[in-house]
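Engineer: Generate coordinates for the sequence data below:
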Amino acid sequence: MTVRADEAEPGLPATLVALRRSAGMTQEQLAEAAGLSPRTVGNLERGQVTPHQLTIRRLVAALGPEATRQLTPLAEATGGAATGGAVALGLTVDTEPFTGRNGELAMLDEVAAAAMTADGWCVSPAVVVICGPAGAGKTRLAIRAADRVVAAHGAQGLLLDLRGRSRLAVAPGTALGHLLHALGVPESRMPWPVLERTNLLRAVMARRRGVLVLDDAVAEDQVRPLLPASAGWLVIVTTRSGLAGLFGARWCPLDPLPGDASPASGAILDETHRRLRPQARRLFRRLALLPPGDHPVTVAADIAGLGSADAEAAVDALIEAGLLADAPHPGRFRLNPTSHRHSSRRAGSALSASRSR
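Structural biologist: Numbering: from 1, shown residues only. Purely as a prediction, here's the structure:
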């Protein structure tokens, strides 16, 4: 029997609303906790989209044990569990229109085609880092691009959520175990040392070709052990920071689309700003003096009146918070237009407050 997309999750919207309210969370708070955009949470609660398995897993992690009991059966109905390791790609049910990313998709298609048809001279995988702030659509772009690779080239597709921005970030050894299991390696054959697991993963991947999505990475050391060592693979990494230490990677900076700007996303940025230490808050306000783009850390020190060590620490804090991104070149950071607008707004608020005293 064929199940229509609009009938596949009959209990999801009401269940999600009830779980969110029981947890005492607003849509914006749930979106931040789950690493989703507020618009995605709203669309799910209105039943306007059918979620990917990864989305269900993130909601479960954010909402707690009761969500595991209630949402896991709904996730299984779509062909995957709400908890676990790597997820197979190529069977995604995504009914929401996907517009505004044609340039990025074309670039990823081009890189994928080169990776899938690599000749003998090419001995390394293709790695693309999609970086940008929360709510920019990094995960959705990566999954859409990966599904296109699976469909066009008959390649294997794998998705692994590294949960880099949560307190439960996946350790390299655990991530390697998830990928080996997804590739058919029994647990009894998996060695314990990370280096040995990495070597085994690369040996298994060398006999295949495919696309691997590593979602929500937080650091280069979390990603490097998971990379194949041979051609025939496209690896797409999503991150709020730039992962500038992934040498040989190609970067795809992503800003929220103009239509995605909302009071909800502004509220998330306000809360993120509130949690910063004073020097990082000061630097963020002063970033309004710079245009969007890549800048050296020395400029941050000058505009904020900080020493070099304090400026580096403040830039690192803003990158960790997702308000800045690493630039591909060491010693530089990337200011995206969304963070620049928010910085200007914070600077204006601080100036108004000082004048009213």
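
Engineer: Now do the same contact list for the nearest residue in space to E66 that is not next to it in sequence.
Structural biologist: Leaving aside its sequence neighbours, E66 sits nearest to L19 (C-beta to C-beta, 6 or more residues apart in numbering; 6.6 Å). For the C-beta atoms, the positions are set from N, CA and C on the backbone; glycine is no exception. By C-beta atoms under 8 Å, 6 or more residues apart in numbering, the residues touching L19 are L63, E66, A67, Q70, L71.

Engineer: So A304 sits against Q279, correct?
Structural biologist: Yes - in this structure, A304 is within contact of Q279 by C-beta atoms under 8 Å, at 7.4 Å.

Engineer: List the residues that are in contact with both of these two.
Structural biologist: Joint contacts of A304 and Q279 (C-beta under 8 Å, 6+ apart) are A314.

Engineer: who's more crowded, these two?
Structural biologist: A direct count of neighbours by other C-beta atoms under 10 Å for A304 and Q279 places A304 higher, at 21 against 16.

Engineer: Can you name the residues that contact the more buried one?
Structural biologist: A304 touches Q279, R282, L283, R286, A311, A314, counting by C-beta under 8 Å, 6+ apart.

Engineer: Let me know whether my guess that the last one is in a helix holds.
Structural biologist: Yes - under the criterion used here (DSSP: H, G, I helix; E, B strand; the rest coil), A314 sits inside a helix.

Engineer: Verify the stated contact: it with L283.
Structural biologist: Yes - shown here, A314 and L283 form a contact pair, counting by C-beta under 8 Å, at 4.3 Å.

Engineer: Give the residues shared as contacts by these two.
Structural biologist: Common neighbours of A314 and L283 (C-beta under 8 Å, 6+ apart) are A300, A304, L306.

Engineer: From those, pick the one nearest P328.
Structural biologist: For the shared contacts of A314 and L283, the closest approach to P328 (C-beta to C-beta) belongs to A300, at 17.3 Å.

Engineer: that older thread, mean confidence for whichever helix or strand the residue nearest to E66 is part of?
Structural biologist: Here L19 sits within helix 12-22, counting by DSSP states H and E. Taken as a whole, helix 12-22 carries a mean pLDDT of 85.

Engineer: So which bits of that helix are buried?
Structural biologist: Using 16 or more other C-beta atoms under 10 Å as the burial criterion, the residues of helix 12-22 that qualify are L12, T15, L16, L19, R20.

Engineer: Mark which of the contacts of A304 are part of strands, please.
Structural biologist: Among the contacts of A304, no residue falls in strands (DSSP state E).

Engineer: could you dump those residues to JSON lines with distance to W192?
Structural biologist: Below are the contacts of A304 laid out as JSON lines (distance: C-beta to C-beta, whole Å):
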{"residue": "Q279", "distance to W192": "42"}
{"residue": "R282", "distance to W192": "46"}
{"residue": "L283", "distance to W192": "43"}
{"residue": "R286", "distance to W192": "48"}
{"residue": "A311", "distance to W192": "41"}
{"residue": "A314", "distance to W192": "39"}
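
Engineer: can I get those in a markdown table with distance to C252 and pLDDT?
Structural biologist: Below are the contacts of A304 laid out as a markdown table (distance: C-beta to C-beta, whole Å; pLDDT from 0 to 100):
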| residue | distance to C252 | pLDDT |
| --- | --- | --- |
| Q279 | 30 | 92 |
| R282 | 31 | 91 |
| L283 | 26 | 93 |
| R286 | 28 | 93 |
| A311 | 27 | 91 |
| A314 | 26 | 91 |
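
Engineer: Do I have it right that W233 meets L214?
Structural biologist: No - applying C-beta under 8 Å, one finds W233 not in contact with L214, separated by 11.7 Å.

Engineer: Going by residue numbers, what spans are strands in the stretch 1-150 of the chain?
Structural biologist: 87-88, 126-131 (DSSP state E, counting those that start in this stretch).

Engineer: average model confidence for the longest one?
Structural biologist: The reference is to strand 126-131. The model assigns strand 126-131 a mean pLDDT of 93.

Engineer: Other residues contacting that strand?
Structural biologist: For strand 126-131, contacts defined as C-beta under 8 Å, 6+ apart pick out 104, 107-108, 111-112, 114-115, 138, 141-142, 227, 233-243, 246, 248-254, 325-326, 334.

Engineer: Filter those residues down to the buried ones.
Structural biologist: For the contacts of strand 126-131, buried by 16+ other C-beta under 10 Å: 104, 108, 111-112, 115, 138, 141-142, 227, 233-243, 246, 249, 251-254, 325-326, 334.

Engineer: if you look at those, which of them are in helices?
Structural biologist: E104, L108, V111, A112, A115, K138, L141, A142 (DSSP state H).

Engineer: Show me the helices in the stretch 201-350 of the chain, by range?
Structural biologist: Using DSSP state H, counting those that start in this stretch, the helices of the stretch 201-350 of the chain run over residues 220-223, 263-274, 278-286, 297-304, 308-320, 337-356.

Engineer: If anything else comes up later, I'll come back, but that's it for now.
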